[in-house]
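# Sequence and predicted structure below; questions after.
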Amino acid sequence: MSEAVKIIAVNRKARHDYSVDETYECGIVLMGTEIKSIRDGKISFPDAWAEVENGEIWLRSFRIAENPFSSVFNHDPDRKKKLLLHKDEIKRIARKVEEKGYTLIPLSFYFKNGKVKVELGLCKGKKAFDKRADIRERDIQREVSREFREKLH
């Protein structure tokens, strides 16, 4: 059974600003016009985040543009969206968010077997020196691979 995965959008800035400790695959509750807009790629989530509220996880600041072809039955682009996870996963996430100062950040959105999925990351914010260390490490790795390629030719 092959799983068809089509990536809609990736939050590259999240991995730069946060260190990701765990990731979860979540379903998302959407309306029909929202699905049409997502299929067209009209989503925006530069500062989106999720929160645990009454035993449920809600996605905030995730904007899905209105569909121009859906007249009066259009959706509210800024409404909060419910994420679908198992109860035990939600409890584990809620405990970590409350105690240890983690944040829930959406890392990517993709279609999996025709359904929209969210990769939700349990993240901690990076300090400025952590970001510089990551950039330095990436530069060193790039130089090593460049030298290795030059020696091969």
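Yep, it's here.
# alpha carbons only for contacts and neighbour counts from here, please
Will do.
# Tell me which residues of stretch 102-120 come out buried.
For stretch 102-120, the neighbour count (16 or more other C-alpha atoms under 10 Å) marks 102-111, 116-120 as buried.
# Also stretch 24-33?
Buried residues in stretch 24-33, counting neighbours by 16+ other C-alpha under 10 Å, are found at 24-28, 33.
# And those residues, which is closest to Lys87?
Closest approach between the buried residues of stretch 24-33 and Lys87, by C-alpha to C-alpha: Cys26, at 12.1 Å.
# show me where the chain has strands.
Taking DSSP state E, the strands of the chain run over residues 5-10, 18-28, 43-44, 49-53, 56-60, 63-64, 81-84, 103-112, 115-125.
# Show me what Trp58 is bridged to.
Beta-bridge partners recorded for Trp58 (DSSP bridges): Glu51, Lys82.
# ok, now which ones touch it?
Residues in contact with Trp58 (C-alpha atoms under 8 Å, 6 or more residues apart in numbering) are 50-52, 80-83.
# Next one: Met31 from Gly125, what distance?
As judged by C-alpha to C-alpha, to the nearest Å, Met31 and Gly125 stand 32 Å apart.
# next one: Glu51
16 Å.
# out of the two, which sits in the more crowded spot?
Glu51 (19 against 16; other C-alpha atoms under 10 Å).
# From Leu83, how far off is the more buried one?
10 Å.
# Now the common contact residues for these two.
In contact with both Glu51 and Leu83: 57-59, using C-alpha under 8 Å, 6+ apart.
# Any chance of TSV for those residues, columns distance to Val10?
Shown next, in TSV, are the shared contacts of Glu51 and Leu83 (distance: C-alpha to C-alpha, whole Å):
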residue	distance to Val10
Ile57	20
Trp58	19
Leu59	16
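# Looking at those residues, spot the one nearest Glu89.
Nearest member of these to Glu89, counting by C-alpha to C-alpha, is Ile57, at 10.4 Å.
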